[in-house]
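Asker: Kindly generate the corresponding structure for this input.
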Amino acid sequence: MKKEVKIILVSCLFVIVNFSIRSGTTIHGESFIGQTFKAGSFSYEVISKNEVLVYKYDHQEPDTMEVVSSVEYQGKKYNVTKFHYDHSDAITKKIIIPSGVKEVIINPDGVPGYKYPNLEELIFPDTLEYINPGFSFTMTNLNSIQLSDKNKYYKVEDNVLFSKNGTDLIAFPSGDDRISYRIPNGVRTIKKEAFASNQNLQDVLIPVSLTELEPWTFAGSHIQRLDLSHVKKAGRGTFEFCHNLKEIKLGRETVLNGGQFYENRSLKDISVEEGNPKLWSEDGVLYGRSGDDKTLVCYPSAKEELSYAVSPGTNCIEDSAFHMCRLDQVFLPPSVQKISSSAFNYGNDGKAEKPIQIYLCGDRLPEIEKAAFTDLASGSVIYLKNQELKNQFDLGNQKNRYIDQQDKESVIQVSGMEQQPAEDIILDSESVSLDMGKDGRQVSRLLEISLFPLSSTDKIIVSGSDHRILTVSDLGRITAVSPGTALVTVKAGDVKKECRVTVYGPLGNSDDIPMQFYIGAEIRPEPVVRNHNGQVLKRGNDYTVEYKNNKNPGRAEVLIEGIGCFQGSIKTSFDIRIRGNDVSGAEVVYPQRYYYYEGKPVTPKPSVSLNGRHLEEGRDYCIEYMGNNGIGFGCACLTGINDYYGQNFSYYQIIRRKDNNKKYEKISFVSQPKNSVYTGKSIFRTVRVKSGNRVLKLNKDYTVKYTANKNCGKARMEVIGKGGYTGKIKRYFVIVPKKARIGKIKAGKKKVKVYIRKSPGKPSGYQICWSAGKKFSKSKSVFTAGTVRWMRRLKRKKYYCIKVRAYKTINGKKYFGSYSGIKRVKIK
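Answerer: Numbers count the residues shown, from 1 in each chain. So this is what the prediction gives:
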């Protein structure tokens with residue numbers, strides 16, 4: 001597969017502007033900004049009133065490019081402050097950049113096509129403020145970088161470019177002839193491509209202070225071994241195209257960002273310090289973890305094995321995991337759910353040394369990305385567990401091109417495995433523990449399953465013995481549900497294995513313990529304890545109970561502590577009371593028959609006695625008032641405390657104090673309310689209320705009390721004066737039935753049977769009306785209390801129109817609802 005270190009898309013827009021400028025004229029005072037011109041060997045661009053940028057060199061001097069510090073254009077002198085060089089140069093051996101230049105950018109995007117093969121020496125000015133990282137990437141013969149000690153931003157030590165404070169290593173000359181280099185202590189970051197394409201270095205000794213490698217730090221170099229024990233972050237492409245790299249050592253905090261391994265044809269071993277939560281090594285093979293998923297990151301290309309079985313439990317085969325491998329066979333376990341693009345590839349040339357057999361041992365086809373199998377040698381075979389999976393693979397390969405070959409003549413076979421029963425099931429553990437923590441969080445763990453032989457074709461079936469304790473997926477992921485023990489059973493053909501799973505977790509809660517009566521001895525009520533799923537636990541198996549202050553009247557304390565699979569404790573309590581001290585049976589006497597409302601809550605103090613004993617507020621009971629801030633009835637709620645228990649509700653009347661000096665007006669007029677149709681809800685009417693000529697307001701000057709205002713019939717509303725108004729006036733309105741409905745009509749010989757759907761609201765009956773015409777100009781009708789009625793003596797073979805309506809009889813008068821829709825029927 002063809003691959004470059006970086007791919008850059010450059011979009012250029014050329015704008016040609018023609019100016020006709022006469023001697024001595026300017027355009028708005030800054031006419032030349034943005035214009036380009038050529039002077040001597042260089043091309044320039046005006047970037048300000050008195051500054052220009054150098055962007056091209058015409059090679060009039062074959063070996064040395066010496067940039068000038070100033071240039072004249074249109075009779076004006078400009079200082080050179082920027083040097084931008086973004087194209088190939090196969091001639092220049094030496095570049096001298098003068099004082100005054102502040103910014104240098106050479107091949108800013110590290111494009112591999114921009115090469116400087118003969119450049120040997122770079123001389124930077126003391127005024128330099130910025131140079132782009134990665135500038136030396138394709139300067140394969142650069143052996144000297146020079147910079148004045150007076151520079152405030154950068155320094156050169158031992159022919160290596162650093163930031164002034166020494167924390168960033170920016171560039172190590174690719175043509176430097178040293179084979180070993182020790183990075184000074186204090187360096188924290190190696191900038192992008194600092195060692196890329198170096199042809200001589202074999203060993204780089206990294207100090208404790210170094211924690212970060214920016215992208216492509218060593219890409220394309222001849223480095224042989226790297227110890228990154230103290231590095232925390234390695235950017236994308238750190239090791240790409242390192243053909244001589246044999247060993248890599250990663251630290252306990254090292255994190256690899258993005259793709260790292262490509263064309264590492266000499267790599268034999270990757271080791272990781274113990275304790276790294278994201279990466280680890282299994283026999284020199286690098287594995288990683290993404291969330292809960294285990295991934296295979298890199299199988300070293302030069303490992304001397306013919307067959308390799310990917311570790312059971314691996315979920316994903318990452319990009320370039322098996323790049324340029326020399327294996328005869330690879331077995332992917334049933335747990336693999338994803339095979340990334342280029343997981344199997346053979347470098348830019350795409351030349352595999354020999355055919356490979358790849359076994360996908362799962363019972364389902366994993367997600368396979370495009371070009372997951374790239375440039376396999378002709379004769380390679382991809383094996384699926386059965387014909388159905390092979391068919392799925394073939395269909396997916398047609399749509400998404402799982403197999404991608406540069407050599408179009410090569411033949412890659414996809415085949416189903418030969419039937420082979422499982423002889424054994426291998427589990428990574430026969431007992432598993434899961435801890436849900438103090439908060440009862442959901443935790444899971446993948447049971448790593450493989451069969452022997454690896455190419456067995458029996459289906460793997462995984463099940464759990466108790467869904468209340470755990471659940472288990474087809475791939476063996478165990479998820480804790482509640483503390484306890486259960487078995488996970490794995491079957492394949494005639495073989496079976498079991499794994500005992502113990503789930504540890506917190507106690508849930510306990511139900512409230514009811515009040516207990518004093519008996520003169522310790523009281524030990526049995527608490528009801530539940531787990532966080534609400535299931536009742538068993539005392540002695542799941543928890544223990546301790547009691548405190550559980551003999552005399554008062555509040556007893558209970559401590560419930562988890563045992564076995566349950567952790568943590570629950571504290572609860574219960575009350576002990578003397579039997580007969582229930583204040584619900586107390587006699588409550590108020591000193592007054594009623595109390596006057598004075599604009600604030602009314603809180604009378606009643607006399608309370610129980611069984612002939614006088615009770616005191618605060619000692620025997622506490623009192624809470626309700627509904628006591630207005631005219632009406634207040635409520636006093638007494639709750640027993642200390643030796644007393646229970647509650648007692650009593651009521652007292654609150655009335656308005658009559659003001660003899662205040663003049664009250666009488667309600668003199670109430671309008672007649674309109675009738676209404678039954679709705680199924682209480683019906684309220686609007687009336688006009690007056691006292692003399694003054695129109696009164698509802699709820700301010702008067703209130704309305706309704707009676708029988710829901711069902712069909714006669715409803716009553718009573719208007720009652722309020723505030724400065726007195727008097728009561730009654731008004732009535734009728735609630736008529738809602739529109740009736742005909743259910744069905746059954747025609748007979750000279751007769752017809754009408755079925756009426758029962759109307760709600762308790763109507764008195766129904767009127768059925770029929771006519772030969774739709775206008776009912778000549779019609780007949782009949783009344784019925786039921787919902788079914790025959791109409792007889794009708795003319796045969798004639799059509800009749802029928803409609804119905806419900807009615808309510810009030811004081812002998814019928815009040816009708818609306819007619820139903822008309823139905824037409826032919827008499828037999």
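Asker: dump the residue contacts of the residue lying farthest from the centre of the chain.
Answerer: Centroid-distance maximum for the chain: Arg793 at 75.5 Å, with Cα atoms, centre = their mean. Shown in contact with Arg793 (Cβ atoms under 8 Å, 6 or more residues apart in numbering): 750-751. The way it works is simple: take the backbone N, C-alpha and C, and place the C-beta from them, glycine included.
Asker: so where's the stretch 501-650 of the chain shaky on pLDDT?
Answerer: Scanning the stretch 501-650 of the chain for pLDDT under 70 picks out nothing.
Asker: how about the strands in it?
Answerer: Counting by DSSP state E, counting those that start in this stretch, one finds strands in the stretch 501-650 of the chain at the ranges 509-510, 516-517, 529-530, 543-548, 554-562, 566-567, 569-577, 587-589, 594-597, 607-610, 613-615, 621-626, 632-640, 647-656.
Asker: Kindly compare burial across the ones you listed and name the winner.
Answerer: Ranked by mean neighbour count under mean count of other Cβ atoms under 10 Å, the strands of the stretch 501-650 of the chain are led by strand 566-567, which reaches a mean of 21.
Asker: Show me which residues of stretch 299-310 are buried.
Answerer: Neighbour counts over stretch 299-310 (16 or more other Cβ atoms under 10 Å) mark 299-301, 303, 308, 310 as buried.
Asker: Among the residues you listed, which lie within helices?
Answerer: Using DSSP state H, no member of the buried residues of stretch 299-310 falls within helices.
Asker: so of those residues, which ones are in strands?
Answerer: Tyr308 (DSSP state E).
Asker: Dump the buried residues of stretch 299-310 to TSV, plus distance to Tyr116 and pLDDT.
Answerer: TSV is the format used below for the buried residues of stretch 299-310 (distance: Cβ to Cβ, whole Å; pLDDT from 0 to 100):
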residue	distance to Tyr116	pLDDT
Tyr299	36	97
Pro300	33	96
Ser301	30	94
Lys303	37	94
Tyr308	42	97
Val310	43	96
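Asker: Looking at the buried residues of stretch 299-310, which is nearest Ile576?
Answerer: The closest of the buried residues of stretch 299-310 to Ile576 turns out to be Val310 (Cβ to Cβ; 65.7 Å).
Asker: shouldn't that closest one be in contact with Ile317?
Answerer: Yes: between Val310 and Ile317 there is a contact at 7.2 Å, judged by Cβ atoms under 8 Å.
Asker: which residues do these two both contact?
Answerer: 296, 332, 336.
Asker: What is the burial count for the second one?
Answerer: Residues contacting Leu332 under the criterion other Cβ atoms under 10 Å number 21.
Asker: For it, list each beta-bridge partner.
Answerer: Leu360 (DSSP bridges).
Asker: Equivalent analysis for the first one, please.
Answerer: Per DSSP bridges, the residues bridged to Leu296 are Tyr287, Ile317.
Asker: Please report how far it lies from Lys354.
Answerer: Applying Cβ to Cβ, to the nearest Å, one obtains 21 Å for the distance of Leu296 from Lys354.
Asker: again with Pro62
Answerer: 49 Å.
Asker: Likewise for Tyr594?
Answerer: Taking Cβ to Cβ, one finds Tyr594 at 108 Å from Lys354.
Asker: same check, this time on Gln420
Answerer: Taken as Cβ to Cβ, the span from Gln420 to Lys354 is 24 Å.
Asker: what's the answer for Ser671, then?
Answerer: In terms of Cβ to Cβ, Ser671 sits 105 Å off from Lys354.
Asker: and what of Tyr625?
Answerer: 94 Å.
Asker: Using just helix, strand and coil, how would you label Leu395?
Answerer: helix (DSSP: H, G, I helix; E, B strand; the rest coil).
Asker: Name the residues that touch stretch 644-657?
Answerer: Here stretch 644-657 makes contact (Cβ under 8 Å, 6+ apart) with 515, 575, 577, 581-586, 588, 590, 592-598, 602, 604, 606, 608, 610, 615, 620-621, 628, 630-640.
Asker: make it 7 Å
Answerer: 515, 575, 577, 581-584, 586, 588, 590, 594-597, 602, 604, 606, 620-621, 628, 631-640 (Cβ atoms under 7 Å, 6 or more residues apart in numbering).
Asker: per-residue confidence for Tyr114?
Answerer: On pLDDT, Tyr114 comes in at 62.
Asker: brain fart, Asn661
Answerer: For Asn661, the model assigns a pLDDT of 66.
Asker: neighbour-wise, which of Leu296 and Lys354 wins?
Answerer: Between Leu296 and Lys354, Leu296 has the larger neighbour count (other Cβ under 10 Å), namely 25 against 11.
Asker: circling back: among the shared contacts of Val310 and Ile317, find me the one that's closest to Gly508.
Answerer: Using Cβ to Cβ, the shared contacts of Val310 and Ile317 come closest to Gly508 at Val336, 37.9 Å.
Asker: Now that closest one: which helix or strand?
Answerer: Using DSSP states H and E, Val336 sits in no helix or strand.
Asker: Show the backbone phi and psi for the residue nearest to it when sequence neighbours are not counted.
Answerer: Computed as Cβ to Cβ, 6 or more residues apart in numbering, the closest residue to Val336 that is not its neighbour in sequence is Pro366, at 5.2 Å. Note on Pro366: its backbone torsions stand at phi -70, psi 170 [degrees, to the nearest 10].
Asker: Would you mind listing the residues in contact with the closest residue to Gly235 other than its chain neighbours?
Answerer: Nearest residue to Gly235, sequence neighbours excluded (Cβ to Cβ, 6+ apart): Pro215, at 3.7 Å. For Pro215, the contacting residues are 192, 235-237, by Cβ under 7 Å, 6+ apart.
Asker: Closest one to Ala486 out of those residues, please.
Answerer: Of the contacts of Pro215, the one sitting nearest to Ala486 (Cβ to Cβ) turns out to be Arg236, at 44.1 Å.
Asker: Report the separation between the closest one and Gly259.
Answerer: Taking Cβ to Cβ, one finds Arg236 at 6 Å from Gly259.
Asker: who's more crowded, these two?
Answerer: Shown here are Arg236 and Gly259; by other Cβ under 10 Å, Gly259 has more neighbours (20 against 16).
Asker: Closest to the centroid, which residue in this protein?
Answerer: Taking Cα atoms, centre = their mean, the chain has its central residue at Gly291, 13.7 Å away.
Asker: Dihedrals phi and psi, that residue?
Answerer: phi 70, psi -120.
Asker: Domain map for the chain?
Answerer: What automatic domain parsing lists as the domains of the chain is 1-175, 424-506, 515-577, 583-656, 665-736, 741-826.
Asker: any idea how far Phe162 is from Gln329?
Answerer: Computed as Cβ to Cβ, the Gln329 to Phe162 distance reads 49 Å.
Asker: For those two, indicate the residue with more neighbours.
Answerer: Between Gln329 and Phe162, counting by other Cβ under 10 Å, Phe162 is the more crowded of the two (23 against 17).
Asker: Would you agree that one is in contact with Tyr153?
Answerer: No: at 10.4 Å, Phe162 and Tyr153 do not qualify as touching, with contact defined as Cβ atoms under 7 Å.
Asker: And for Cys325, the neighbour number?
Answerer: 22.
Asker: sorry, that was for Asn550
Answerer: 20.
Asker: any idea what sits nearest it, other than its immediate chain neighbours?
Answerer: Nearest non-adjacent residue to Asn550 (Cβ to Cβ, 6+ apart): Ala556, at 3.9 Å.
Asker: Pull the contacting residues for that neighbour.
Answerer: So, once contact is read as Cβ under 7 Å, 6+ apart, Ala556 ends up touching 523, 547-550, 573-574, 576.
Asker: buried ones in stretch 433-441?
Answerer: 434, 436, 440.
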